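In: Turn this into a structure:
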Amino acid sequence: MPRILVVNGPNLNLLGKREPQIYGADDLDTLNKELSGLAARLKMELTFFQSNSEGDLIDFIHKEAPGAHGMILNPGALAHYSYALRDAINAVSIETVEVHMTNVHSREEFRQKSVIAPACAGYLSGFGSYGYAMALSYFSDFAEKS
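Out: I've put the predicted structure just below:
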C-alpha cells in the first residue's frame, strides 16, 4: 500500500481559528480525517506531521521519506525563504507536491514566490483543503502507473 507523508508547517495547527475568512473554518484534525477517508478509498496510507519548527520538519522528512512513496507539503510561510527545507526534499529524493490553501498570487507580494516549488513535482494553490485531496489523487494515479 503506497504511503504518503502529509506535512504541514508553521501555524497550520491554528486552522479553523486563524483568519477563518481566509483559511476556512475547519481545523487541521478535520482536514486530516477527511484526507484519511479519501486515502482509505484510494487504498493509500497517510502519515501526518505538523510542526512550527523548521528543524523538526526537516528531521521528519529525513527520517520518514525513505519509506514513503510521496509527500504532500504545506510549508506555510517557510515556502518563501526556507532553502533548508528545499534542500531536505532534494536530499531524500521524494516526489513532493506543494500545497497552499489560499491563492498566494492574490495575496501579499512576499507570498507569491516559493523557494520550495522548484524541488516539487507540482504546486497547488487556492483550492482550500481540496488542494490536499488533489495532491493525494495525483499520488494515487502515480502509484497505479508504477
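In: In this structure, where is pLDDT below threshold?
Out: For the chain, applying pLDDT under 70 flags the ranges 19-25, 106-108, 110-111, 143-146.
In: would you list every one of the helices in it?
Out: 20-23, 28-41, 54-64, 83-92, 130-145 (DSSP state H).
In: Turn those helices into TSV, including mean neighbour count and distance to His105.
Out: Backbone N, C-alpha and C define where each C-beta goes, glycine included. Below are those laid out as TSV (neighbours: other C-beta atoms under 10 Å; distance: least, C-beta to C-beta, whole Å):
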stretch	mean neighbour count	distance to His105
helix 20-23	12	14
helix 28-41	15	22
helix 54-64	16	24
helix 83-92	17	20
helix 130-145	17	14
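In: Would you mind giving those helices as a markdown table with distance to Pro2 added?
Out: Output for the helices of the chain, formatted as a markdown table (distance: least, C-beta to C-beta, whole Å):
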| stretch | distance to Pro2 |
| --- | --- |
| helix 20-23 | 28 |
| helix 28-41 | 9 |
| helix 54-64 | 14 |
| helix 83-92 | 16 |
| helix 130-145 | 4 |
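In: closest to Leu12 out of these?
Out: helix 28-41 (5.9 Å; C-beta to C-beta).
In: Figure out which of the helices of the chain is closest to Pro118.
Out: Counting by C-beta to C-beta, Pro118 lies closest to helix 83-92 out of the helices of the chain; the figure is 7.3 Å.
In: so what's Ser36 closest to, chain neighbours aside?
Out: Leu46 (5.9 Å; C-beta to C-beta, 6 or more residues apart in numbering).
In: Run through the bridge partners of that neighbour.
Out: Ile4 (DSSP bridges).
In: what residues are up against it?
Out: Arg3, Ile4, Leu5, Val6, Asn32, Leu35, Ser36, Ala39, Leu136 (C-beta atoms under 8 Å, 6 or more residues apart in numbering).
In: so which pair among these is furthest apart in space?
Out: Arg3 and Asn32 (15.0 Å).
In: sorry, back to before: can you say which of the helices of the chain is nearest to Ala119?
Out: Using C-beta to C-beta, the nearest of these to Ala119 is helix 83-92, at 4.3 Å.
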